Every structure is written in C-alpha cells, then in structure tokens.
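Trainee: sequence and predicted structure, then a few things I'm wondering about:
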There are 2 protein chains.
Amino acid sequence: MNALERMITEKGVVIGEDILKVDMFLNHQIDVKLIQQMGVDFYEHFKDRPITKVLTIEASGIAIACFTALLFDVPVVFGKKGYHKNVGSNVYSAKVYSFTKGVSYDITVMKDYLTEKDKVLFVDDFLANGAAAEGMMQIIAQAGATLQGIGIAIEKGFQEGGDKLRAKGIDLYSLAIVDKMEAGRIILREQNT
Amino acid sequence: MNALERMITEKGVVIGEDILKVDMFLNHQIDVKLIQQMGVDFYEHFKDRPITKVLTIEASGIAIACFTALLFDVPVVFGKKGYHKNVGSNVYSAKVYSFTKGVSYDITVMKDYLTEKDKVLFVDDFLANGAAAEGMMQIIAQAGATLQGIGIAIEKGFQEGGDKLRAKGIDLYSLAIVDKMEAGRIILREQNT
C-alpha cells in the first residue's frame, strides 16, 4: 500500500454508492506531504519521458501538478473552468460534461502556453468516466502537442474512464484505484507499487 | 530585487492603467521554482509564528500555499469560490466583491477544516483593494481562529488594500509591491529584501 492508499483507507468517507469524500486531505484541505509524495511517484513512473509541461485542471489538480513539475523542472499549465458563450480566439477549449453536477463546462488553455513542441504529462486528482481527461486530450490535439502520459491520484475503477484510456494505448498511471464502495467500505485494487 | 520582482520586471505585461498580466508565470502557466522560492520567503518572514494552517483561495493561490505549508509542516485549506444562493450550514462563508469582474461571489470554507484552535497564515497571489483578504478574515473570525499574518505575491501599492490591512496592525508581507504602471512600464517599490 502506498501513502495515498493508506490515507484513503484511513480517512476516506463513502457517501452513497459512488461518491468518495476525500476533501480532508485532497480537495479542500490539502495534506501537502502526501501530495508531494504523489509528485515523487509520478516522477518515478514517467521520468524517462521527455516531458516539457505538466497540465492539469483547476483547482484540485494544481497542487499535484506543481509537486510533479518541480521534479521534471518544467512549468505547470492549468486549464481554467468556465461557462462561456464565447471562449475567444486566443484559447484552446473543450466542452466537458460533469456527471457529478449534471452540467457542461468549458476548459480553456491560452494558446501562448501550449504549443506543438510540448510533450505533456496530464495529472488530475480524480478519474471516473474520463470526461475531463478526454477534454484535455482535445486541447492537446488542438495545440498539436503530444500526450506522453496521464497521472491520476484516485481512479474509480468501477467507472469506464480508466479502461477507455488504457484501450487507446495511453500510459495511464493511477496511484490508487477504487474498485468498489459498499456499505461504507472502500475496496482498493491491489497494485504492485 | 528578489526573484519575483525580477520576473515581473522581465515578463509582466501592463494592460491599460491597472491590469498587470502575469499569467505566463503565476496565474495560468506556473513557474514552479519561482513559486517554491515564494514559499521559502514567506517561511523566512513568518517562521517564528505558531502557524497551524495556511489558508488561500482557489485557484492561483493554491500553489503558493502548498510550497509555504510544506515548510511549516501544516495543511493548506483553500476557500472555494462560488455564486451560491444557499451556502449551507456546514460552511463558513463571506461575500466578496470583485472590482475586476464587477460581480460578487461567495468564498466558503467547511467548518471541519478551520477551528478556534487554528493560527492562520493567509497567502494569495494578488492584493489590490483587499476585498478577498477581508472576506477571508471574516471567515477566520467566524471560526474563532486567529490570523497570524498575510503573505502576498504581488501587491498593487496604488490601491488601498495594503494600507488598510497594515493600519489594522496585521503583519502583511508582500514579495513585490507595484507602485505605478505607466506607458507599459512597471514601477516597483524598493524593499529591503
């Protein structure tokens, strides 16, 4: 068990059948040593790739992205969330449907900060159906940049996002995969980490 | 000149009379080594205070808060921004008027993550009229916590926020103070750092 898996087991709270509340260390209050360790883990996994930029989405992804990017010695760029009618011509954008909230929102990245030369590591706090990751992949494609890999803190293994991305041949590395939540219990997939 | 002041001088772009565009290293793309250095500078200034929590506001404040909190070995809590009708009874909240955007928004912090025992360092990327800082001070007061100090990356010295907070006796430490922006030039206040 890695540090994140231990923390989920000890402190994570299951609400209903598919909401995992981890805002005591990840989404609202941040355990910075834990997040720093995530950066180390992502670096270890992706360090042989020629990463030039770590991409994430505001807000919870930013801390994870920063500790990862520090080790690669590259900048972070975070996609901004908004509900825009016109996103403007100086940005790349993608529409993402949030199943949790039941609404669509736009992610935007300014063209200045993502170019065809960039080799991107995308990191985020959660992966469920994969809508946010797919949106970010559209933005990476619009920029002509290359996706090198995806690092996720918590993957919901009982939703389809992870399988879909792996089926595309993407190097997806999730630090913790929740296979099931039942009767308040969190069942993690065993991984060799 | 410290690292942030050099970066502002080299890369900051003045738009109109009062907008300083720094999204190439602070607000959208993040120069993580620069932000890490900000954390070191804030730690040096506030290290004799018994800080138990670093507070900030999503999204741009999160990176600064994390690198600061790491050195204090305490958690970060970030206030969430939203436009809520009912913010709920499990949160502290304050209404903040954004002069830049011409709208009011709510900042909320869950009661679980801020208590009367907390001694708070509030950090943020910008200080202008001080509305966000005042909102966070209301939340700190609601929780019965104690504000130990405020660390700001860029203070707009030609707006009143900094003077108002200092007049209240708050230990406000700004890494860079912009005194004037004219004809595309950025004039920084000389500081002994």
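Mentor: Looks like it came in fine. Numbering: from 1, shown residues only, chains lettered A, B, ... in the order given.

Trainee: once you drop chain neighbours, what's closest to the residue positioned nearest the centre of chain A?
Mentor: Note on chain A: the residue nearest the mean C-alpha position is A:D124, at 1.6 Å, using CA atoms, centre = their mean. Counting by CB to CB, 6 or more residues apart in numbering or on different chains, A:G61 is the residue found nearest to A:D124 once chain neighbours are left out, at 4.7 Å. To be clear about C-beta, it is placed using only N, CA and C from the backbone, and glycine gets the same treatment.

Trainee: what pLDDT is listed against that neighbour?
Mentor: Here the pLDDT value assigned to A:G61 is 96.

Trainee: what sits closest to A:L188 if chain neighbours are left out?
Mentor: A:E5 (5.6 Å).

Trainee: A:A153 now?
Mentor: Spatial nearest neighbour of A:A153, excluding adjacent residues (CB to CB, 6+ apart): A:D125 at 4.8 Å.

Trainee: the strand or helix carrying the one you found pairs with which strands, and in what direction?
Mentor: A:D125 belongs to strand A:119-127 when assigned by DSSP states H and E. Using DSSP bridges, the strands paired with strand A:119-127 are strand A:53-57 (parallel), strand A:146-156 (parallel).

Trainee: the first one: how far from the chain's middle?
Mentor: Computed by CA atoms, centre = their mean, to the nearest Å, the chain-centroid distance of strand A:53-57 equals 9 Å.

Trainee: export the strands paired with strand A:119-127 as CSV, with columns for distance to B:V74 and mean pLDDT.
Mentor: As requested, those are arranged in CSV below (distance: least, CB to CB, whole Å; pLDDT from 0 to 100):
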stretch, distance to B:V74, mean pLDDT
strand A:53-57, 23, 98
strand A:146-156, 21, 98
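
Trainee: correct me, but the residue nearest to the centre of chain A touches A:E134?
Mentor: No - here A:D124 does not reach A:E134: they are 11.8 Å apart, not a contact under CB atoms under 8 Å.

Trainee: spit out the contact partners of A:I154.
Mentor: A:4, A:8, A:20, A:22, A:26, A:125-127, A:174-178 (CB atoms under 8 Å, 6 or more residues apart in numbering or on different chains).

Trainee: which helix in chain A has the most residues?
Mentor: Identified as the longest helix of chain A according to DSSP state H is helix A:32-46.

Trainee: can you list the residues that contact it?
Mentor: A:2-4, A:7, A:25-26, A:63-64, A:66-72, A:121, A:123, A:148-149, A:151, A:153, A:171, A:173, A:175, A:193, B:66, B:69-70, B:73, B:75-76.

Trainee: coming back round to it: continuing past the strand holding A:D125, what's the next helix or strand?
Mentor: Where DSSP H and E defines the elements, the next helix or strand beyond strand A:119-127 is helix A:131-143.

Trainee: just for chain A, where's the confidence low?
Mentor: Chain A contains residues with pLDDT under 70 at A:83-88, A:193.

Trainee: just name the most buried of the strands paired with strand A:119-127.
Mentor: Highest mean neighbour count among these (mean count of other CB atoms under 10 Å in any protein chain shown): strand A:53-57, with a mean of 27.

Trainee: contacting residues around it?
Mentor: So strand A:53-57 is contacted by A:62, A:64-65, A:68-69, A:72, A:74-79, A:81, A:107, A:109, A:113-114, A:118-124, A:132, A:136, A:140, A:145 (CB under 8 Å, 6+ apart).

Trainee: pretty sure A:T9 sits against A:I187.
Mentor: No - if you go by CB under 8 Å, A:T9 and A:I187 don't touch, sitting 9.8 Å apart.

Trainee: what about the residue nearest to A:A153, distance to chain B?
Mentor: Applying CB to the nearest CB, to the nearest Å, the value for A:D125 to chain B is 12 Å.

Trainee: count the residues that sit near A:G82.
Mentor: Counted with other CB atoms under 10 Å in any protein chain shown, residues neighbouring A:G82 total 12.

Trainee: okay, it and B:S89: tell me how far apart.
Mentor: For A:G82, the distance to B:S89 (CB to CB, to the nearest Å) stands at 29 Å.

Trainee: now A:D118
Mentor: Distance of A:D118 to B:S89, computed by CB to CB: 45 Å.

Trainee: those two: which is more packed in?
Mentor: Per other CB under 10 Å, whichever of A:D118 and B:S89 has more neighbours is A:D118, with 21 against 6.

Trainee: so which strand or helix has A:L20?
Mentor: Short version, using DSSP H and E: A:L20 is in strand A:19-21.

Trainee: check which element follows that strand along the chain.
Mentor: The first helix or strand that comes after strand A:19-21 along the chain, using DSSP H and E, is strand A:29-30.

Trainee: direction included, what does the strand holding A:L20 pair against?
Mentor: Sheet pairing here is set by DSSP bridges, and for strand A:19-21 it gives strand A:13-15 (antiparallel).

Trainee: interface residues of chain A facing chain B?
Mentor: Residues of chain A found near chain B (CB under 8 Å from any CB of the partner chain) are A:23-25, A:28-33, A:35-36, A:58-59, A:62-63, A:65-67, A:69-70, A:73, A:75-78, A:80, A:109-110, A:112-113.
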